[in-house]
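Student: dropping a prediction and its sequence here:
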Protein chains: 2
Amino acid sequence: MARSTPPQDVFTAVAEPQRRQILTALASGERSVNELADLLQFRQPQTSKHLQVLKEVGLVDVRSLGQQRLYQLNGERLKVIQDWVEALEQLWTSRFKRLDTLLEHLQQTPSPVETLEGHGDAHE
Amino acid sequence: MARSTPPQDVFTAVAEPQRRQILTALASGERSVNELADLLQFRQPQTSKHLQVLKEVGLVDVRSLGQQRLYQLNGERLKVIQDWVEALEQLWTSRFKRLDTLLEHLQQTPSPVETLEGHGDAHE
DNA sequence: ATAATATATTCTTTTAATAGAATATACAAG
DNA sequence: CTTGTATATTCTATTAAAAGAATATATTAT
């Protein structure tokens, strides 16, 4: 029942290993369906199907050249993922400045000091 | 059958919207299971299950504090995703320098000249 | 030992994604 | 119009993930 409900978000699309391979193959340039299938040792229908998914979430674009369909990575869409990851990392990195949680625990536990050992970071 | 074959890679783990919410909630600091469940309006068992998945792929760490389990984002593991995205973007950005693919097509197709219109490339 | 709280696990059901095989469509060439 | 090549789609079967309910385990307090 894959066709009736295709992955709609970029994250789901990229969760598939074969689709990541396709994207990687496309990163260095435009390829036709059969080129991709040959290169990655996938069957043609599977390749087409994965490409449809990638197209639906905007990770690839297509253009027609005769009877071929040339697929191309759309790097812009990768930013959806990148932005999310970076936002998380921002928060994670700046978590040392927010001692709220830590202080909460300090009030509750006898000696949670060991938790901080080994970080070596300037935590304040 | 989710428990028997849990997602092993970071990409699959992150494909789940609720797990992304959990990670986002954890980005600003450590939280207990119930804190997360309350905050995100998830049920406790679901929350635990998602956390196990995240733990298995290394995206979160746990420590025990009394009867609570405090989960914490492991930002390092996010780099797996980030590195992959950035590698792709690198290639995508530098794709203009690599005309190999384009030249390949020139050799295979009879008159793909129309394809080149507007490019202004010297093709032989 | 019993009760209360916090979290984890198991089992079942439901839903969604993937593969495979077969077929359809599109375009080009003769 | 028939053939060949490239790609897309449909249908079915399989597999995997997720939700839900119930229960188990762990820790603390009484």
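Tutor: That came in fine, so what should we check first?
Student: may I have the secondary structure class of A:Arg69?
Tutor: strand (DSSP: H, G, I helix; E, B strand; the rest coil).
Student: and the closest residue to it other than its chain neighbours, bridged to which residues?
Tutor: With C-beta to C-beta, 6 or more residues apart in numbering or on different chains as the criterion, A:Arg69 has its nearest non-adjacent residue at 5.2 Å, and that residue is A:Val62. (Each C-beta comes from the backbone N, C-alpha and C, glycine too.) Counting by DSSP bridges, A:Val62 is bridged to A:Tyr71.
Student: burial count for A:Val62?
Tutor: Counted by other C-beta atoms under 10 Å in any protein chain shown, the residues lying close to A:Val62 total 17.
Student: remind me, longest helix of chain A?
Tutor: helix A:78-93 (DSSP state H).
Student: quick one: contacts for the residue nearest to A:Arg69?
Tutor: Applying C-beta atoms under 8 Å, 6 or more residues apart in numbering or on different chains to A:Val62 gives the contacts A:Leu51, A:Lys55, A:Arg69, A:Leu70, A:Tyr71, A:Gln72.
Student: ok, now which ones touch the second one?
Tutor: To tie it back to what came earlier, the one meant is A:Lys55. Contacts of A:Lys55 (C-beta under 8 Å, 6+ apart): A:Asp61, A:Val62, A:Tyr71.
Student: so it versus A:Asp38, what's the distance?
Tutor: 20 Å (C-beta to C-beta, to the nearest Å).
Student: the third one too?
Tutor: A:Arg69 is 15 Å from A:Asp38, where distance means C-beta to C-beta.
Student: same deal with the last one?
Tutor: From A:Gln72 across to A:Asp38, the span is 18 Å (C-beta to C-beta).
Student: so between those two, which is more surrounded?
Tutor: Using other C-beta under 10 Å as the criterion, A:Gln72 and A:Asp38 rank with A:Gln72 on top: 17 against 13.
Student: A:Gly58 is in contact with the more buried one, correct?
Tutor: No - counting by C-beta atoms under 8 Å, A:Gln72 sits too far from A:Gly58 to count as a contact (11.8 Å).
Student: for A:Gln68, which non-adjacent residue is closest in space?
Tutor: A:Ser32 (4.4 Å).
Student: OK, contacts around the one you found?
Tutor: If you count contacts by C-beta under 8 Å, 6+ apart, A:Ser32 has them with A:Leu65, A:Gln68, A:Arg69, A:Leu70, A:Tyr71.
Student: just the buried residues out of these, in ChimeraX syntax.
Tutor: To isolate the buried ones among those in ChimeraX, judged by 16 or more other C-beta atoms under 10 Å in any protein chain shown, type:
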select /A:68,69,70,71
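Student: any chance of the contacts of A:Ser32 in TSV, with pLDDT too?
Tutor: Shown next, in TSV, are the contacts of A:Ser32 (pLDDT from 0 to 100):
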residue	pLDDT
A:Leu65	96
A:Gln68	97
A:Arg69	98
A:Leu70	98
A:Tyr71	98
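Student: what's the closest of the contacts of A:Ser32 to chain B?
Tutor: Relative to chain B, the closest of the contacts of A:Ser32 is A:Leu65; by C-beta to the nearest C-beta it sits at 5.6 Å.
Student: measure that closest one to A:Thr12 for me?
Tutor: On the measure of C-beta to C-beta, A:Leu65 and A:Thr12 end up 29 Å apart.
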